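**Student:** A structural model of the following input is requested.
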Amino acid sequence: MEIKSISTEAEFEQFIQVPMHIYKNDPNWVQPLQSSIKKSLSPDNPFCQYGKFQAFLAWQNEQAVGRIVAAVNQSLIEREGQSVGLFGFFEVIEDLAVAEALLEAACQWLKEQGMTVARGPIDLSTHNNCLMLTEGFDSPPMVMMPYNPPYYPQFMEQAGWQKAKDAYAYDFTREMALDPKFEKGYRIACQSGITFRPIRTKGEGFEEDCRNLYQLFTTAFERNWSSSARSEEEFLAEAEDLKQVVDPDIFPIAEDNGKMIGFLMALPDLNIAFKRVNGKLNIWGILKFLWYRRQINQVRVLVICALPEYRRKMVPLGLIHWVMQKGKGSQKCYQRAELSYIWEDNLPSRRLVEAAGAKICKRYRIYEKTLV
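**Tutor:** Numbering: from 1, shown residues only. Coordinates of the predicted model:
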C-alpha cells in the first residue's frame, strides 16, 4: 500500500473513480457529478484566491483504494483565530490501515503548512459538501448532503479522531399537521408590514434577489461554526448553477418595505434524478435527468433565515407557513421534506423545526485532531 500526492491528469481521473469501487454494491449511494468535483479541485476555483489544497491517492496492488484532500482555508483561520486545517473528499475501502495512512498523509501536509488542528470531513469549506454520516444509513442522501459507509466513523475513532460537533437532519411528511401557531405567526408578521413572495427566477429580478440573498446570508450566518464567508463571486456562481432547478413555490422571501429580511431556501431533491445519470451530464445523462426529474416528490430545506430583529415579528414561522401552503398547492405534489443540516447546539433552529413536527432522521459528525 502506498500513498501518493496527485500531480497528473491521469491520477486525477483515478481520484474521481475511487468511489465507484467503494459503493458499487450500495443501493443508497448517489454518485456525485464528476464535473462538480473537477470544478471544485480546479486551480480556477475562486477558493484558491484565499486557500490551497493537496489531493492524495492510496494505491494497493495497482488499484486506487482511497483518496483524501487536505486544505488550508485562510478565511476560516482568520475568522477562528487558530491554525485549523481541513480534510475532505475522503473515501476509502474497508481497511483501517489504508484509512489511517490517508488521514496521516493529510495531517502531515497540514503540519507542513503550519496547521495545529485538523478538522473534517469538509470539502474545502462548509458551504460545500461536509460532515460524516454516523446514523441513518438506511436511505439515500438528499441533494447536496453526504453519504458514507457505516465503517467510516468507526475508522475515525480508531484512528484517534475526536468529535468536534454533531449535526442533525429532520424529517417532515405531507401528512403532518402544522401547529396553528405557524399560521398565527404568519398573520402577525403580515400585520407588522412584512410581505412574503416567491423568489424570482428570471432576468434582472433573479440577479437582484441573489445579491440580496448573499448580503442577508453573510450577515445572518457570519458567526456560524467552522464557516467563513464566501465571496459574492462564489455565491452568484453557485446560484447560477441552481437557477434551472429552483422551484419558487418552496423558496419564499420575506421583505419589509422592499428590503429582504428573511428567506426559506428549499430545493427539489435532485438526487432522485442524479442517481440515474452515473455522475455524468453528457447528452444521455441530461436526457435521463430530465426524464427522472419528473419523479421528484420530496425536497430538502437548506436554510430558514431571518434577521434577529425580525424573529420577534414571527418571520421564521411565517416563512414555514407560507411554504407549507404553497408546497401543498404546487403541481409538483411534494410528499416529504428533509430539514438539513442543523448543528446540535443550534437550539433556536431545532426548537423551531421540532415545533413544526419534524423528527430527527439522520445524525452527522465533524471530527478534529490536534497536530503534534
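**Student:** Could I get the contacting residues of the residue lying closest to Tyr214 once chain neighbours are set aside?
**Tutor:** Nearest residue to Tyr214 in three dimensions, chain neighbours excluded: Phe235, at 4.5 Å (C-beta to C-beta, 6 or more residues apart in numbering). C-beta here means a position set from N, CA and C on the backbone, and glycine is covered the same way. Contact partners of Phe235, counting by C-beta atoms under 8 Å, 6 or more residues apart in numbering, are 210, 213-214, 217.
**Student:** Can you turn the buried part of the residues you listed into a ChimeraX selection?
**Tutor:** In ChimeraX syntax, the buried subset of the contacts of Phe235 is picked out as below (16 or more other C-beta atoms under 10 Å):
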select :210,213,214,217
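**Student:** Can you tell me which of the contacts of Phe235 end up in helices?
**Tutor:** Judged by DSSP state H, the contacts of Phe235 include 210, 213-214, 217 as members of helices.
**Student:** From Ser226, how far out is the residue nearest to Tyr214?
**Tutor:** 18 Å (C-beta to C-beta, to the nearest Å).
**Student:** would you list every one of the helices in the stretch 51-200 of the chain?
**Tutor:** 74-80, 96-112, 151-158, 180-191 (DSSP state H, counting those that start in this stretch).
**Student:** what does the second one rub up against?
**Tutor:** Here helix 96-112 makes contact (C-beta under 8 Å, 6+ apart) with 1, 3, 5, 54, 56, 58, 60, 65-70, 72, 85, 87, 90, 92, 118, 155, 158-159, 161, 369, 371.
**Student:** what about that helix, average pLDDT?
**Tutor:** Taken as a whole, helix 96-112 carries a mean pLDDT of 98.
**Student:** of the contacts of helix 96-112, buried ones?
**Tutor:** Buried residues within the contacts of helix 96-112, counting neighbours by 16+ other C-beta under 10 Å: 3, 54, 56, 58, 65-70, 72, 85, 87, 90, 92, 118, 155, 159, 161, 369.
**Student:** Let me know which of the helices of the stretch 51-200 of the chain is tucked in deepest.
**Tutor:** Ranked by mean neighbour count, the helices of the stretch 51-200 of the chain are led by helix 96-112 with a mean of 19 (mean count of other C-beta atoms under 10 Å).
**Student:** starting at the chain centroid, how far to it?
**Tutor:** Distance of helix 96-112 from the chain centroid (C-alpha atoms, centre = their mean, to the nearest Å) equals 24 Å.
**Student:** which stretches of this structure have low pLDDT?
**Tutor:** 327-332 (pLDDT under 70).
**Student:** Now do the strands in it.
**Tutor:** 2-5, 51-60, 63-73, 84-92, 117-120, 132-135, 162-173, 194-198, 252-256, 259-268, 298-306, 336-343, 359-370 (DSSP state E).
**Student:** now these in a markdown table, with distance to Leu317?
**Tutor:** Shown next, in a markdown table, are these (distance: least, C-beta to C-beta, whole Å):
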| stretch | distance to Leu317 |
| --- | --- |
| strand 2-5 | 50 |
| strand 51-60 | 38 |
| strand 63-73 | 35 |
| strand 84-92 | 35 |
| strand 117-120 | 34 |
| strand 132-135 | 29 |
| strand 162-173 | 15 |
| strand 194-198 | 11 |
| strand 252-256 | 11 |
| strand 259-268 | 11 |
| strand 298-306 | 10 |
| strand 336-343 | 14 |
| strand 359-370 | 19 |
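**Student:** Quick check: which of these is buried the most?
**Tutor:** strand 84-92 (a mean of 25).
**Student:** Direction included, what does that one pair up with?
**Tutor:** strand 63-73 (antiparallel), strand 117-120 (parallel) (DSSP bridges).
**Student:** Please work out the angle formed by the directions of that strand and strand 162-173.
**Tutor:** On the basis of axes from the mean of the first three to the mean of the last three C-alpha atoms, to 10 degrees, strand 84-92 is oriented at 60 degrees to strand 162-173.
**Student:** How far off centre is strand 84-92?
**Tutor:** On C-alpha atoms, centre = their mean, the centre of strand 84-92 falls 15 Å from that of its chain.
**Student:** Then stretch 144-157?
**Tutor:** For stretch 144-157, the distance to the chain centre is 15 Å (C-alpha atoms, centre = their mean).
**Student:** what's the closest of the strands paired with strand 84-92 to Trp284?
**Tutor:** With respect to Trp284, and counting by C-beta to C-beta, the nearest of the strands paired with strand 84-92 is strand 63-73 at 25.7 Å.
**Student:** pull the CA atoms of that closest one into CSV?
**Tutor:** The C-alpha coordinates for strand 63-73 follow below in CSV (Å, rounded to 0.1, in the frame of the first residue of the first chain):
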residue,chain,number,x,y,z
GLN,A,63,-5.6,-0.3,-7.6
ALA,A,64,-6.7,3.1,-6.2
VAL,A,65,-8.4,2.2,-3.0
GLY,A,66,-8.7,5.5,-1.2
ARG,A,67,-8.5,9.3,-1.5
ILE,A,68,-8.3,12.5,0.6
VAL,A,69,-7.8,16.2,0.1
ALA,A,70,-6.0,18.3,2.7
ALA,A,71,-6.9,22.0,2.6
VAL,A,72,-5.9,25.3,4.2
ASN,A,73,-8.8,27.9,4.2
